[in-house]
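When you get a sec, could you give me coordinates for this:
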Amino acid sequence: MAIGQVGAPYGVRGWLHIVSFTAPPSNLLNYQPWQLRLARGADAWDRWRPCALEAVKAHGEAYVASFADIQDRGAAVRLVGAQIGVPASSLPPLQEDEFYWRDLIGLRVLNQNGEDLGVVERLLPAGGHDVLVVRGAAELLIPFVDVYVTDVRLDEGCIRIEWEGMD
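You can find the predicted model right below:
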């Protein structure tokens, strides 16, 4: 499960900026062991690979990290854009009515009349709440809050919403 992404190199000794996908961002540090997957370019890896994380430190409101095999800026550049993941088994159990984003992506979205509005393509963090990006006949941005999202049925593969103005 992706929990972050490798950003630009930091300095000349192989350190890299790290972007957290967790809320709050500091939760990124709670999940181990990290794995990397490079999903772009000629050097793309088709699977997660273990990585030996040497150190992580706060840098402004984000983080920088060093990896055992990366000792200079040139080597660091090759990891830019890699996803940081952890095995799903290392994630903590959720409370009732809590969901990991990965569980929502791909679910069908149905309105109060049973109309199929599309599929959850991704989620966007938006401060106080997340936003479902639904791809169907049109792209919809639906706040993931109780007033709109009435039911998440993982076992049925759908999210039911209260949503007007679909004409």
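
Now for the most centrally placed residue in the chain: which residues touch it?
With distances taken as Cα atoms, centre = their mean, the chain has residue 21 as the residue nearest its mean C-alpha position (4.8 Å). Applying Cβ atoms under 8 Å, 6 or more residues apart in numbering, we find residue 21 in contact with 2-5, 28, 101. Any C-beta I mention is one placed from the backbone N, CA and C, and that applies to glycine too.

again, 10 Å this time
By Cβ atoms under 10 Å, 6 or more residues apart in numbering, the contact set of residue 21 is 1-5, 27-28, 83-85, 101, 123, 125.

Is the residue lying closest to residue 51 once chain neighbours are set aside bridged to anything, and to what?
With Cβ to Cβ, 6 or more residues apart in numbering as the measure, residue 36 is the residue that lies nearest to residue 51, at 4.8 Å, once sequence neighbours are left out. Assessed by DSSP bridges, residue 36 has beta-bridge partners residue 49, residue 84.

quick check: longest strand of the protein.
As assigned by DSSP state E, the longest strand anywhere in the chain is strand 116-126.

who's in contact with the helix or strand that it is followed by?
The first helix or strand that comes after strand 116-126 along the chain, using DSSP states H and E, is strand 129-135. Where contact means Cβ under 10 Å, 6+ apart, the residues beyond strand 129-135 that reach it are 23, 99, 101, 104-105, 107-109, 117-125, 139-146, 148-149, 159, 161, 163.

Please apply the same query to stretch 89-102.
Residues external to stretch 89-102 that are found in contact with it (Cβ under 10 Å, 6+ apart): 1-3, 21, 23, 27, 30-34, 88, 103, 107, 120, 122-123, 125, 130, 132, 144, 146, 151-152, 154, 159.
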